[in-house]
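# this one's structure only:
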């Protein structure tokens with residue numbers, strides 16, 4: 001294991017999630033309201049949760065009415081189609097695999113490194129499946145927007161709830177740590193549907209108009225969103241006020257990292273989740289959310305044992321690797337993963 005890039009673990013000095021030093025969406029406390037009209041947002045997940053959300057940070061401006069109407073129309077259409085909604089995106093994924101054989105081959109090599117027992121043919125099939133699953137995940141970001149809280153709770157189970165209950169009872173909150181696997185947005189929807197107050201970090205991306213729609217869609221459910229730069233104080237504030245954090249560790253955009261062994265080789269993981277757990281005493285809970293049959297399922301592992309930041313981050317990587325074995329095609333290694341690649 002390599003050494004940490006930043007040896008001093010001071011949570012208030014760190015950008016835990018990487019990215020450029022840009023302002024967060026932090027500001028005055030607010031409820032789940034429309035900042036433009038003052039009315040409660042009429043989202044099937046947000047209204048019943050307003051009392052549990054301490055201080056969600058809202059977007060500075062809403063997407064255009066046309067974009068909101070388009071988003072809502074796609075969400076309702078995918079709901080009406082049920083699982084037939086995947087027919088179109090599966091065709092797009094298949095076409096993408098055909099026109100980008102080099103990228104599929106690279107993805108297959110990574111799958112085979114993570115699972116040496118795969119034949120070359122099986123690795124290529126898994127790579128194509130990863131493209132299909134990723135396109136489905138993107139579509140389901142809109143599909144989930146039209147789900148009701150009751151539907152989410154009924155149809156999409158969570159295993160390991162006892163670990164969440166223990167974290168609430170003993171510490172008041174906790175830190176979910178996920179990898180780029182399965183559907184992390186659906187994980188947030190499922191947590192919110194069960195009354196958890198949740199805070200996360202989202203880096204800005206292009207095109208800007210789509211970035212604005214994603215932020216709006218996430219925040220109107222009651223999800224507190226920070227941009228990456230200098231988010232540490234906001235995340236610590238959230239933990240101390242009874243909110244759970246949901247953070248991705250396996251593809252840091254910058255900030256302090258440590259090299260761990262993950263999926264068959266050396267990978268840089270963000271040290272922010274472990275450092276924050278040590279600083280606050282809140283448990284670090286490895287978690288995944290993946291599709292199984294016609295449902296999503298969350299698996300919540302027991303807390304990572306306390307140790308050094310490097311030790312805890314390696315244990316986190318090991319736990320995530322083991323959890324991801326339930327659906328390896330829902331890992332998306334489309335870009336370089338390990339530090340010794342190329």
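Yep, it's here. Given the structure is predicted, the values throughout are model-derived calculations rather than measurements.
# so where do the strands sit in the protein?
With DSSP state E as the criterion, the chain has strands at 158-159, 175-178, 198-201, 224-226, 244-248, 257-262, 265-270, 284-292, 295-300.
# can you state the direction angle for the fifth one and strand 265-270?
Going back to what we said before, that points to strand 244-248. 140 degrees (axes from the mean of the first three to the mean of the last three C-alpha atoms, to 10 degrees).
# To residue 317, which of the strands of the chain lies closest?
strand 257-262 (4.2 Å; C-beta to C-beta). No exception for glycine: its C-beta is placed from N, CA and C like everyone else's.
# Now that closest one: buried residues?
Neighbour counts over strand 257-262 (16 or more other C-beta atoms under 10 Å) mark 257-260, 262 as buried.
# Partner strands of it, with direction?
Paired neighbours of strand 257-262 in the sheet (DSSP bridges): strand 265-270 (antiparallel).
# residues in contact with the strand it pairs with?
2, 16-18, 113, 247-250, 252, 255-262, 313, 316-317, 337-341 (C-beta atoms under 8 Å, 6 or more residues apart in numbering).
# And for stretch 316-327?
So stretch 316-327 is contacted by 177-179, 181-182, 249-250, 260-263, 267, 269, 273-274, 284, 286-288, 290-292, 299, 301, 304, 330-331 (C-beta under 8 Å, 6+ apart).
# From those, list the buried ones, please.
Buried among those by 16+ other C-beta under 10 Å: 177-179, 181-182, 249-250, 260, 262-263, 267, 269, 273-274, 284, 286-288, 290-291, 299, 301, 304, 330-331.
# got any ranges where the protein has weak pLDDT?
1-61, 229-230, 253-254, 342 (pLDDT under 70).
# how close does residue 146 get to residue 314?
40 Å (C-beta to C-beta, to the nearest Å).
# Can you say which of the strands of the chain is nearest to residue 65?
In terms of C-beta to C-beta, the element of these nearest to residue 65 is strand 224-226, at 21.5 Å.
# Pull out the buried positions in that closest one.
Those would be 224-226, for strand 224-226 by 16+ other C-beta under 10 Å.
# repeat for stretch 94-106
Result for stretch 94-106 [16+ other C-beta under 10 Å]: buried residues 96-97, 104, 106.
# Next: stretch 109-121.
Quick answer for stretch 109-121 (16+ other C-beta under 10 Å): 109-115, 118.
# quick one: contacts of it?
Contacts of stretch 109-121 (C-beta under 8 Å, 6+ apart): 108, 123, 126-127, 130, 263-265, 328, 331, 333, 337-338.
# let's see 7 Å
123, 126-127, 263-265, 328, 333, 337 (C-beta atoms under 7 Å, 6 or more residues apart in numbering).
# May I have the distance across it, first residue to last?
11 Å (C-alpha to C-alpha, to the nearest Å).
# Give me the distance from that stretch to the chain's centre.
With C-alpha atoms, centre = their mean, to the nearest Å as the basis, stretch 109-121 stands 25 Å off its chain's centre.
# same thing with stretch 207-220?
15 Å.
# What of stretch 216-230?
That offset, for stretch 216-230, works out to 12 Å (C-alpha atoms, centre = their mean).
# Count the neighbours of residue 220 for me.
21 (other C-beta atoms under 10 Å).
# And residue 231, by the same measure?
Residue 231 has 30 nearby residues by other C-beta under 10 Å.
# likewise residue 209?
10.
# Who are the contact partners of it?
Residue 209 neighbours (C-beta under 7 Å, 6+ apart): 63, 67.
# Residue 181 now?
Applying C-beta under 7 Å, 6+ apart, the residues near residue 181 are 288, 324, 330-331.
# could you redo the last one with a cut-off of 10 Å?
133, 137, 248, 250, 288-290, 320-321, 323-324, 326-328, 330-333 (C-beta atoms under 10 Å, 6 or more residues apart in numbering).
# What remains of the residues you listed if I keep only buried residues?
Here, 16+ other C-beta under 10 Å leaves 133, 137, 248, 250, 288-290, 320-321, 323-324, 327-328, 330-333 buried among the contacts of residue 181.
# Now, those that are in helices?
Of the buried ones among the contacts of residue 181, the ones assigned to helices by DSSP state H are 133, 137, 320-321, 323-324.
# Which one of those is nearest to residue 205?
Out of these, the member with the shortest distance to residue 205 (by C-beta to C-beta) is residue 137, at 15.5 Å.
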